[in-house]
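K.L.:
The following block contains a protein sequence and its predicted model.
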Amino acid sequence: MEFSEAKREFIVTWGELGCNWGICRTMGHIHALLLVSPEALSADNIIAQLEISRGNANMNLRALLDWGLVYRKSIRGDRKDYFVAEKDFWRVFRKTLEKRKKKELNPMLEMLQKISTVKPNCEESQEFSKVIKDLSVISSAADNSLDKLLKSESNLFLKAFVKVMR
């Protein structure tokens, strides 16, 4: 396989995977392009290589900056902004996990807390309370585990992960 074909396949696949991680396809494509780029790229470079509109590029670069997956870089003597991807994959994993937790798990925990105050007064409300309680227990355990994972250093996590996988 030629390099250009492999690069294109990586970018396309990363974009598809991004959809599963809670980001849009184009955001994934831009992230993938920046990951494999040895140098910082300007928005113009990104637009040309991915054949996307300026608005789409700008919107997705802002989102990547917000997620902490991409950083702005200045090049002396050039007025353009350049962009570089975070290439420490432990940090990428943690930043993605932090965003997803904030966006998905935290609202669910808040909702469960709010509705757990229902006082069972019939068979249906008793079943409701039981389900909410069980869901709260597992959600809280997931929240605590994710908090510990987010605070851990990569080598500790990887050692534990390898130990579990054996």
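P.N.:
Perfect, I can see it now.

K.L.:
And the helices in this structure?
P.N.:
Along the chain, counting by DSSP state H, helices occupy 3-20, 25-36, 43-50, 54-67, 89-100, 106-115, 123-151, 154-165.

K.L.:
For the second one, name the packing helices and strands.
P.N.:
Pointing back at helix 25-36 there. Here helix 25-36 touches helix 3-20, helix 43-50, helix 54-67, strand 70-74, strand 81-85, going by 3 or more CB pairs under 8 Å, 6 or more residues apart in numbering; DSSP states H and E. Bear in mind the C-beta positions are built from the backbone N, C-alpha and C, glycine included.

K.L.:
Now tell me what touches the fourth one from outside.
P.N.:
Okay, so that is strand 70-74. For strand 70-74, the surrounding residues in contact (CB atoms under 8 Å, 6 or more residues apart in numbering) are 30-31, 34, 40, 61, 64-65, 81-86.

K.L.:
how much space between Asp88 and Glu123?
P.N.:
53 Å (CB to CB, to the nearest Å).

K.L.:
so what's the residue lying closest to Leu34 once chain neighbours are set aside bridging to?
P.N.:
With sequence-adjacent residues excluded and distances taken as CB to CB, 6 or more residues apart in numbering, Leu34 is closest to Ala85, at 3.6 Å. Beta-bridge partners for Ala85, by DSSP bridges, are Val70.

K.L.:
Let me see the domain layout of the protein.
P.N.:
3-85, 89-165 (automatic domain parsing).

K.L.:
Which one of the ones you listed has the poorest average confidence?
P.N.:
For these, mean pLDDT drops lowest on domain 89-165, to a mean of 84.

K.L.:
which among the contacts of strand 70-74 gets closest to Met108?
P.N.:
For the contacts of strand 70-74, the closest approach to Met108 (CB to CB) belongs to Leu64, at 25.3 Å.

K.L.:
Now the residue nearest in space to the middle of the chain: closest residue in space that isn't a chain neighbour?
P.N.:
Here the mean C-alpha position of the chain is nearest to the C-alpha of Thr96 (CA atoms, centre = their mean), at a distance of 2.6 Å. Excluding the flanking residues, the one nearest Thr96 by CB to CB, 6+ apart is Trp21, at 5.9 Å.

K.L.:
is it true that that neighbour touches Lys95?
P.N.:
No - taking contacts as CB atoms under 8 Å, Trp21 lies outside contact range of Lys95: 11.0 Å.

K.L.:
Between these two, which is the more surrounded one?
P.N.:
Neighbour count, other CB atoms under 10 Å: between Trp21 and Lys95, Lys95 has more, with 16 against 13.
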